[in-house]
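Participant: From the sequence below, what's the structure:
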Amino acid sequence: MSDTAILINTAVAIIAIAVLIVRFKLNPLIALVIGCCYLGLAAGLGVGKTVDAISSGFGDIMAEIGLLIAFGVLMGAILRDLRAIERLVDRLMKAVGPKRIPYAMALTIATFLQSIYLDVLLVIAAPLAKGIAPRLGRFGTARMATALAIGLECGIIFTVPGVGALALAGLLHVPLGTYLLYGLVVVIPTVLVAIFVTTFLLTRGWWKPAVDEQDLTGQDTPKAEVTDDDAPAPATRETPEPVAGGGATATLVEPRQRTEPRLLVLLAPLVVALLLVATGAIAEMAHWSNPVVALLSTPMVALLIGLVGTCLVGRWYAGQPRVEKALAAGLRQSGQILLLSGVGGSLAAVIKAVGLGDILGKYLSAGAWAPLLVVWAIAAVLHIAVGSVTISAITAAGLLAPVAPALGLDPVLIALAAGAGSLFLVHLTSNTFWLLQALMGQTTRGTLKTCSVGVSIASVTALGPILALSLVL
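Facilitator: Next up, the predicted model:
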């Protein structure tokens, strides 16, 4: 089959996936599999090779990142149950004050809380942000909604163990430690600059509370005051006590007070896991080898250590039943993203089998900025069409994975550029958009400003550090 026919069939497959998801409301998992089947059959692979490519691609990516996603989501489920977010936001408010809280909250969400499933993180964090908003003056809702949108969407794409970051790293075969380090280099300036630029625009006459906010008083939402005094119900233990006047003993119930764990103790297992992964990446860059470090810094082992540590903290302070309930909720949340990531691997395998990587490689010159801009544009178009940051990032990575060797660029740059593009224009088809509107008391017009424009500014801003990295990698 000619190169032109393969390009046309690939374009038809991608468009069909977008139409099935947006127009016909088909589950993204099913739409992606249908697109894979069409591309394989239309490009002449035949039934057998098409099915083999879909199956092997799914299995390969699951073997690489399946457990990592599950471990990250399970850690997040326990941290959510132990009120880590509420307490952390309260500490941030006390530490940095109202003026800097949007930046502090967004950076914390984008870097340290990505093990928590995005929708769950948003549902917990948004009421806290809305409670803080009245303290920030007339533009409080605009500032906090912007910070939430940018922090959430950037974190899920650029920060390990965000599900988008794990999928991009897995599909493009980027070592997780490498993605963690370079992702932080990108996400921190991106979040800070994007919030500053968006806030500047909103507070210079663009944000109009009368038409951009549903609730101007903020009185319906309590302020996000969380203290360490809100401890769980005390546990009890049976203690033998001597009975007066005799040697026998009687069993009395004596309450044992357990306060909530210190925030440092609560977050320590997750921090240790990320530090182990980063240590492995640094050791690899320095060409230093140690068998113990190599074992502990393996992403699967590091995140397993984090999960076990989080479970132990949860059991000690909340009890085993509560931990088991949190783990069950985490398993339910991880199911869809695991399947979507796997099907992203299927798409990559089919595209590689039809030879699209070699074809596209001819049109992109290695060693220049142009390939990264093309990668960004492909992911941006997919996101505008599909409306989901995670799905568009996974689809873009699946499309670009076979092209990576031909570009002559470090795969981490391609992964980051695809992630940045997938952030462009979060709009009305995004679940995050409507959650932000409802939970932050914005109108649709207001949410288009804080979420759609704010995250789009972050998408373009991220190109700066990514292109800078391309000069040294």
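
Participant: does Glu153 really touch Val455, like I thought?
Facilitator: Yes - contact criterion CB atoms under 8 Å: Glu153 and Val455 qualify, at 4.9 Å. Where you see a C-beta, it was placed from the backbone N, CA and C, and this is true even at glycine.

Participant: Mind listing the shared neighbours of those two?
Facilitator: 423, 426 (CB atoms under 8 Å, 6 or more residues apart in numbering).

Participant: which element is Tyr179 on?
Facilitator: Secondary structure assignment for Tyr179, by DSSP states H and E: helix 176-201.

Participant: Of all the residues in that helix, which ones are buried?
Facilitator: 176-184, 186-188, 190-195, 197-199, 201 (16 or more other CB atoms under 10 Å).

Participant: other SSEs contacting it?
Facilitator: helix 101-111, helix 140-158, helix 163-171, helix 263-285, helix 411-421, helix 454-461, helix 463-470 (3 or more CB pairs under 8 Å, 6 or more residues apart in numbering; DSSP states H and E).

Participant: what angle separates the fifth one from helix 140-158?
Facilitator: Yep, that's helix 411-421 we're talking about. 150 degrees (axes from the mean of the first three to the mean of the last three CA atoms, to 10 degrees).

Participant: Likewise for the third one?
Facilitator: Taking the same axes, to 10 degrees, one finds helix 163-171 and helix 140-158 inclined to each other by 20 degrees.

Participant: For helix 163-171, enumerate the helices and strands it packs against.
Facilitator: Helices and strands touching helix 163-171, by 3+ CB pairs under 8 Å, 6+ apart, are helix 46-81, helix 140-158, helix 176-201, helix 320-354, helix 389-400, helix 411-421.

Participant: contacts for it?
Facilitator: Applying CB under 8 Å, 6+ apart, the set of residues contacting helix 163-171 from outside is 61, 64-65, 68-69, 72-73, 114, 117-118, 156-160, 174-176, 179, 183, 337, 340-341, 344-345, 348, 389-390, 393-394, 397-398, 401, 415-416, 418-419, 422.

Participant: which among those end up buried?
Facilitator: 61, 64-65, 68-69, 72-73, 114, 117-118, 156-160, 174-176, 179, 183, 337, 340-341, 344-345, 348, 389-390, 393-394, 397-398, 401, 415-416, 418-419, 422.

Participant: so which of the helices and strands packed on helix 163-171 gets nearest Leu29?
Facilitator: helix 320-354 (5.1 Å; CB to CB).

Participant: got the contact list for the residue nearest the centre of the chain?
Facilitator: Per CA atoms, centre = their mean, the C-alpha nearest to the average position across the chain is that of Ile156, at 1.9 Å. Taking CB under 8 Å, 6+ apart as the criterion, Ile156 is in contact with 114, 118, 162-165, 389-390.

Participant: Next: Val308.
Facilitator: With contact taken as CB under 8 Å, 6+ apart, Val308 is in contact with Pro269.

Participant: shouldn't Ala326 be in contact with Met75?
Facilitator: No - the criterion here is CB under 8 Å, and Ala326 misses it with Met75 at 9.9 Å.

Participant: For those two, indicate the residue with more neighbours.
Facilitator: More neighbours surround Met75 than the other of Ala326 and Met75, with 27 against 23 (other CB atoms under 10 Å).

Participant: hang on, isn't that one packed against Leu307?
Facilitator: Yes - judged on CB under 8 Å, Met75 makes contact with Leu307 at a distance of 5.2 Å.

Participant: quick one: common contacting residues for the two?
Facilitator: Residues touching both Met75 and Leu307 by CB under 8 Å, 6+ apart: 269, 273.

Participant: Three-state assignment for Val426, please.
Facilitator: When classified by DSSP: H, G, I helix; E, B strand; the rest coil, Val426 comes out as coil.

Participant: ok, the closest residue in space to it that isn't next to it in sequence - contacts?
Facilitator: Leaving aside its chain neighbours, Val426 sits nearest to Val455 (4.7 Å; criterion: CB to CB, 6 or more residues apart in numbering). Val455 is in contact with 149-150, 153-154, 194, 423-426, counting by CB under 8 Å, 6+ apart.

Participant: If we only consider those, which is nearest to His287?
Facilitator: Cys154 (31.5 Å).

Participant: Quickly note the distance from that closest one to Ile305.
Facilitator: Distance, Cys154 to Ile305, using CB to CB, to the nearest Å: 26 Å.

Participant: who's more crowded, these two?
Facilitator: For Cys154 versus Ile305, the count of surrounding residues by other CB under 10 Å is larger for Cys154: 34 against 16.

Participant: ok, Trp376 touching Leu423?
Facilitator: No - judged on CB under 8 Å, Trp376 makes no contact with Leu423 at a distance of 9.7 Å.

Participant: what's the overlap in contacts for the two?
Facilitator: Common neighbours of Trp376 and Leu423 (criterion: CB under 8 Å, 6+ apart): Ser459.

Participant: More neighbours: the two, which one.
Facilitator: Between Trp376 and Leu423, Leu423 has the larger neighbour count (other CB under 10 Å), namely 31 against 27.

Participant: Leaving out the residues flanking it, which one is nearest to the more buried one?
Facilitator: Closest to Leu423 by CB to CB, 6+ apart is Ser459, at 3.8 Å.

Participant: can you list the weak-confidence ranges in the chain?
Facilitator: 22, 115, 117, 215-260, 337, 357-358, 360-369, 385-387, 428-429 (pLDDT under 70).

Participant: circling back to that earlier point, and the residue nearest to Leu423, what does it touch?
Facilitator: Shown in contact with Ser459 (CB under 8 Å, 6+ apart): 376, 380, 420-425.

Participant: can you do 6 Å?
Facilitator: 420, 423-424 (CB atoms under 6 Å, 6 or more residues apart in numbering).
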